[in-house]
Every structure is written in C-alpha cells, then in structure tokens.
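sequence and computational prediction follow.
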Amino acid sequence: MKKALAWIWFLLLALLLFFGAAIFVSATPEELAFALGVFGFLLLANPLIFGYVGLLGFISKAKAGLAKAETVAEATRVPLGQLEGLEDLALAALWLHELAPYRYTYYGLFLLLLLIALAPQLAGGAFAWAGTLAGVLWGAAVPTVIVFGLELAAAASLAALVREREKAK
Amino acid sequence: MKNIAGTLIISMLLALFVGLGAGVYIQSSRTQAALTSVPPSPIVVSASYEREKHQVVFEVVNPGYLPLLLVDQSIVFTPGPESKEKAYALAAVPINLTLPAQGSVKVTMALKPETEELKVGDAVAGTITYTHPLSPDLYAVTHLFKVGGEQ
C-alpha cells in the first residue's frame, strides 16, 4: 500500500515535471509563479498528505479488525512500547492528533501568503509584483484543497468508525 | 463534519472553485501575453477646431496593450468654397508624445500662423506618425477633419 502510494506519487511528479519542462519554455511569469506555489506548498503539505492518506488506510483496516500498532509507531515516531495494548480507535485518534502541528503550520503559512498576496489589493495601491504573487497564491491553493479534503475525510471516517463501534456495543 | 459524503461534496466544490480561479488566472496571463505581442494602431476618435488658439485638436485613443510613441505630425489644409486662403501643408512638426496602453491623449495641431481662421467647408488632413516598441518602423494615421456648419 505504502509502496504503491509512493510510486503513484513519483509517477505524478515525473509526469508533472515532463509536461512542466515542455511548457516551461513558453511559460508566462504568472504561470511560473503558479508552479512555484504548487510545488512549494506541495512540499510543505507532504507530511500531511502522507499522514492523512495513511490514517485513512489505517481506519479502513481497523474496520476489518486488521489494524496494527506498528503502522502508527512508524508514522508518528512514537515508541512502539507506548502504543502496545492500545485500542485501534485510540491509535487512530493519536495519529490524527500527531498531525495537528503540521496542519496548523501549513494553514498558518497559507494564511500568511494569503495576507501578503491580498495586501496590495487591500491597500489599493498597484505593485508590480501583485499579479505574480496572486499566481503563487492560486498555486498554493491547489495542495491546500487536497490537504483540507483529506483532513475532513480522515476526521469523518474516524467519527464513522466510532459510531460503528458504539452501535456494536 | 462527521459525514463522509458531506466532506466529499465540500471538497469537490472547493476543488472546482480553486480550479476555476487558477484556470482563469492562468488563461488571463496567457491572453495578456498574447495581446501585448500585437502592435496596436491609434484611432482618432474626435477632432475639433479651437478658434481662439487657431489649432485643431485630435483625440487619439490607443486600443492595444502596448504604449505608442507619437513622433510627429503633418497638416494638409484644403480651402473650402468660403475661404480665401490658399492651400498649404505643414510637414513633420515634432510631437514626441507617449500614448499609454489603453489610454488616450490629445494632440494639438497648430495651423499655419497668420492665416485666416477656418470656415465652413475647409478641410484639414492631419497625419500622425508613430512607432511601437516591437519595431523601429514609422507608421502613419491620417484623419480628415472637415469644418461643419455648426463650427
């Protein structure tokens, strides 16, 4: 699962790089700014994307009763000894909690970029770089939507698992 | 949010919005790049005669996305039936005016001094030569101004 995900990720990046190189020659400064925003924030979002996708996989395994504490220990770098004997629900909640600092950092930096990009518009003055900065913002919005969707999906599937367990009792 | 379908719908809507915004942004940058590679040509939208100063004023508009440099102007005066003045021409009077992209500018063409004022039926052909940043060539636009009854 993890290996397949890494391969898909690699192929996606290779494809993007291939087409990116093809259009790089004729790219406008705005498009380059867009690409900068996408790749820069994709790099920043990497632990979050991997974390939430891993957590979603962990929750679907927990539904089948196949979840292992080793997966969480490996992903969150919490010593395995502290996780042994914990219920899979608790493990998933711990994993979700471990991702919170990354999420706050990511959204904080995105908000900072949003403020910087919107400042020229809010101030009413026209700066030469305002248009290019908007490109970085639109680029950064792409991984942000991915992170936001994955985060919501992980929280929702964890909540669904909790409800399922409560019904079973 | 505790509903997986709801999270999916919200994420899809957000993705549509971001995709639309980014696409519009990139397309507009492409369009801008395409438009700035097309040299514009100025358009004379109005011409009027100022009797006191004895000059014709052309309002010139630049419809394109590149600035133009108006280099010089020439005037050809053709008398109408009511005028006793002889026909004359003024050539290559320097202007050196920058016409900004999507902007307009007023070009004053001083008529030949010590000639009588324009009468109904008189015609003034004003020629403005200009250059654009993509080429060193000189181009010209000629506007024919005929004095009407109300002027």
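Received the coordinates, thanks. None of the values given here were measured: they were computed from a predicted structure. Residues are numbered from 1 along each chain as shown, chains lettered A, B, ... in the order given.

tell me the contacts of residue 58?
Since no chain was named, I'll use chain A. Contacts for A:F58 were tallied using C-beta atoms under 8 Å, 6 or more residues apart in numbering or on different chains; they are A:67, A:71-72, A:88, A:91-92, A:95. C-betas here are computed from N, CA, C, even on glycine.

my bad, chain B
B:44, B:46-47, B:106-107, B:109, B:126, B:128, B:143, B:145.

tell me which element it is part of?
When elements are assigned from DSSP states H and E, B:F58 belongs to strand B:55-61.

is there proximity between the longest helix belonging to chain A and chain B?
Criterion DSSP state H: the longest helix present in chain A is helix A:130-168. Yes: residues of helix A:130-168 contacting chain B under C-beta under 8 Å from any C-beta of the partner chain: A:131, A:134-135, A:138-139, A:141-142, A:144-145, A:148-149, A:152-153, A:155-157, A:159-160, A:163.

repeat for stretch A:30-40
Yes: interface with chain B: stretch A:30-40 contributes A:30-31, A:34 (C-beta under 8 Å from any C-beta).

residues in contact with that stretch?
Contact with stretch A:30-40 is made by A:20, A:23-24, A:27, A:113, A:131-143, B:22, B:25-26, B:29-30, as judged by C-beta under 8 Å, 6+ apart.

out of the residues of stretch A:30-40 next to chain B, the closest to chain B would be?
Using C-beta to the nearest C-beta, A:E30 comes nearest to chain B of these, at 3.5 Å.

so the closest one is in which element?
helix A:29-63.

ok so, going back, alpha carbons of the strand holding B:F58, as CSV, please.
Below are the C-alpha coordinates for strand B:55-61, written out as CSV (Å, rounded to 0.1, in the frame of the first residue of the first chain):
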residue,chain,number,x,y,z
GLN,B,55,-5.4,75.0,-33.8
VAL,B,56,-7.1,71.6,-34.5
VAL,B,57,-7.2,69.2,-31.6
PHE,B,58,-7.3,65.4,-32.3
GLU,B,59,-8.2,63.0,-29.5
VAL,B,60,-6.2,59.8,-30.1
VAL,B,61,-7.0,56.5,-28.4
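
what's the lowest-mean-pLDDT helix or strand in chain B in contact with?
Within chain B, no helix or strand scores below strand B:88-99, which has a mean of 88 by mean pLDDT, DSSP states H and E. Strand B:88-99 is contacted from outside by B:42, B:60, B:62, B:67-77, B:105, B:107, B:109-112, B:115, B:128, B:130, using C-beta under 8 Å, 6+ apart.

what does stretch A:153-168 give?
Residues contacting stretch A:153-168 (C-beta under 8 Å, 6+ apart): A:52, A:55-56, A:59-60, A:62-63, A:89, A:92-93, A:96, B:1-4, B:6-8, B:11.

for that stretch, what is the average pLDDT?
Across stretch A:153-168, pLDDT averages out at 91.

buried sites along that stretch?
Going by neighbour count (16 or more other C-beta atoms under 10 Å in any protein chain shown), the buried part of stretch A:153-168 is A:153-158, A:161.
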